[in-house]
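>>> model the following, please.
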Amino acid sequence: MTSQKSKMLEVRNRGNLTLNRAKSLTKLADSILGKNHSMILSDAWLEELLTWADENDIPEEVFPRDAGKILELKRLNLWHRKLSYIPDSIGNLTNLMELTLYRNNLSMLPDSIGNLTNLEYLRLDENKLSALPDSIGNLSNLTRLILSGSNLSTLPVSIGNLSSLGALDLRWNNISEWPDSIENLTNLEYLNLGSNNLSVLSDSIRNLTSLKNLMLSGNRRLSSLDVVWGLTSLEYLGLGCINLSKLPDSIENLTNLIKLTLHGNNLSMLPDSIWSLTNLESLHLSDNNLSVLPASIGNLTNLKALSLDGNNLSILPASIGNLTKLETLYLHDNNLSNLPSSIGNLTNLTELSLAGNKLLKLPDALGKLENLECLELSTDQVLPPSLSHLEPIIEWNDPN
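Next comes the predicted model:
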């Protein structure tokens with residue numbers, strides 16, 4: 001009888017301990033989440049998270065093993081940990097403001113990620129995702145979403161609900177089209193769609209009037225860019241390697257452009273209107289079919305970086321000397337046989353590449369480039385005695 005009473009007492013004590021633990025967790029959750037929190041916390045959510053953390057060898061300094069500290073987490077960095085899944089109970093961590101899951105093996109995300117409504121930064125790049133859950137549209141405080149290299153082929157319509165989003169990185173995916181709801185992202189300033197499978201740009205992009213950075217490089221199937229020329233807030237436009245053979249005069253609308261990349265296209269000429277973009281500081285025209293540059297290139301007096309390598313240029317206009325803010329000038333792999341003496345005006349140059357041309361003689365004016373740190377020449381080019389002081393900074397390239 002005494003033994004039976006002892007057993008009953010032991011069971012009652014265990015029950016009281018469990019009840020007290022549950023009450024403690026509930027009280028803890030109330031203090032962190034507020035009395036009106038919708039989640040019903042039990043040992044199950046905690047056990048799931050702890051098991052997952054232990055299975056994946058996530059150290060305690062990254063993911064604590066204490067319920068209170070877990071619920072208080074505001075930043076969680078789980079990059080490059082070979083994670084194959086995220087447990088549903090991640091949705092309990094509603095105080096999270098930053099979540100980094102970069103470079104894992106994730107093929108899907110739990111719907112519960114939509115519970116993390118305080119998230120401002122979400123990094124999911126270099127995973128194996130093919131789609132995103134609709135619940136991602138619940139993250140109304142998200143300002144930065146990084147999804148590059150994640151195997152995505154589509155985007156949910158709900159992405160248009162991310163009204164606070166300022167930066168969206170989708171490069172290196174397999175996206176061929178996007179939902180019209182993206183027009184609702186009116187606070188978006190940075191959009192990287194480089195190296196996808198886009199053939200058409202949706203008209204919805206016209207509404208992204210805050211957009212300052214648009215990268216489309218590597219979308220070789222793009223057939224029309226008409227919608228781009230109306231984005232007058234753009235400061236950086238990336239259009240490299242998209243099989244462009246012509247630019248419209250309407251590029252002149254982009255008067256705020258600071259950086260323009262057009263490398264790796266089929267451009268044989270440029271519209272006169274491009275030389276009116278006088279705020280440009282960086283212009284990349286490498287690997288096209290340009291054979292001539294107009295004197296009006298000298299209008300771009302704010303240029304600091306100019307890449308013209310890999311074209312068919314045989315002569316440079318003397319007005320190149322107007323670009324006195326230039327710091328880098330790449331002219332290698334053209335058909336240049338001489339250089340204008342005005343090149344000596346470019347006294348802020350630190351890098352000048354001339355290899356792979358047909359230069360029989362280098363102008364003495366190169367000696368005026370007192371800030372030059374690197375001069376790239378072909379081994380078949382002769383350095384005149386007047387330029388012998390440049391020899392320590394020369395990189396000799398074998399033309400063969």
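>>> all helices of the chain, in order?
Chain-ordered helices for the chain, with DSSP state H as the definition, fall at 2-33, 43-55, 67-72.
>>> looking at the ones you listed, which has the lowest confidence?
Note on the helices of the chain: lowest mean pLDDT is at helix 2-33, with a mean of 43.
>>> surely Leu83 touches Asn56?
Yes: here Leu83 reaches Asn56: they are 5.9 Å apart, a contact under Cβ atoms under 8 Å. For every residue, glycine as well, the C-beta is placed using N, CA and C.
>>> looking at the two, which is more packed in?
Higher neighbour count among Leu83 and Asn56: Leu83, with 18 against 15, using other Cβ atoms under 10 Å.
>>> now stretch 204-223: mean pLDDT?
Rounded mean pLDDT across stretch 204-223 is 95.
>>> again, but for stretch 188-199
97.
>>> buried sites along that stretch?
For stretch 188-199, the buried set under the neighbour-count rule, 16 or more other Cβ atoms under 10 Å, comprises Leu188, Glu189, Tyr190, Leu191, Asn192, Leu193, Gly194, Ser195, Asn196, Leu198.
>>> can I get that stretch as PDB, trimmed to CA atoms?
C-alpha atoms of stretch 188-199 as PDB (Å, rounded to 0.1, in the frame of the first residue of the first chain):
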ATOM      1  CA  LEU A 188      12.300  49.200 -54.600                       C
ATOM      2  CA  GLU A 189      15.600  50.900 -55.300                       C
ATOM      3  CA  TYR A 190      17.800  47.800 -56.300                       C
ATOM      4  CA  LEU A 191      16.700  45.000 -58.600                       C
ATOM      5  CA  ASN A 192      19.100  42.500 -59.900                       C
ATOM      6  CA  LEU A 193      17.700  40.100 -62.500                       C
ATOM      7  CA  GLY A 194      21.100  39.300 -64.200                       C
ATOM      8  CA  SER A 195      21.700  35.900 -65.700                       C
ATOM      9  CA  ASN A 196      18.100  34.600 -65.900                       C
ATOM     10  CA  ASN A 197      16.000  33.500 -68.900                       C
ATOM     11  CA  LEU A 198      14.000  36.600 -69.400                       C
ATOM     12  CA  SER A 199      12.800  37.200 -72.900                       C
END
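>>> ok now that stretch, how far from the chain's centre?
Mean C-alpha position of stretch 188-199 versus that of the full chain (Cα atoms, centre = their mean, to the nearest Å) differs by 9 Å.
>>> got the contact list for that stretch?
With contact meaning Cβ atoms under 8 Å, 6 or more residues apart in numbering, stretch 188-199 is reached by 148, 165-177, 208, 210-219, 221-223, 238.
>>> go on, stretch 257-270?
217, 234-247, 277, 279-292, 307.
>>> among the residues you listed, which are in strands?
Within the contacts of stretch 257-270, residues falling in strands by DSSP state E are Tyr236, Leu237, Gly238, Ser282, Leu283, His284, Ser307.
>>> let me know the closest of those residues to Asn104.
Distances from Asn104 to these, taken as Cβ to Cβ, are shortest for Gly238 (27.3 Å).
>>> how about that closest one, nearest residue that isn't a chain neighbour?
Once flanking residues are discounted, Gly238 sits nearest to Met215: 3.8 Å by Cβ to Cβ, 6 or more residues apart in numbering.
>>> can you name the residues bridging to the one you found?
Asn192, Gly238 (DSSP bridges).
>>> contacts only, for it.
Contacts of Met215 (Cβ under 8 Å, 6+ apart): Arg171, Leu191, Asn192, Leu193, Gly194, Tyr236, Leu237, Gly238.
>>> neighbours of the last one, how many?
One way to gauge burial is a neighbour count; for Gly238, by other Cβ under 10 Å, it gives 22.
>>> can you pull the contacts of it?
Taking Cβ under 8 Å, 6+ apart, we find Gly238 in contact with Gly194, Leu214, Met215, Leu216, Ser217, Thr261.
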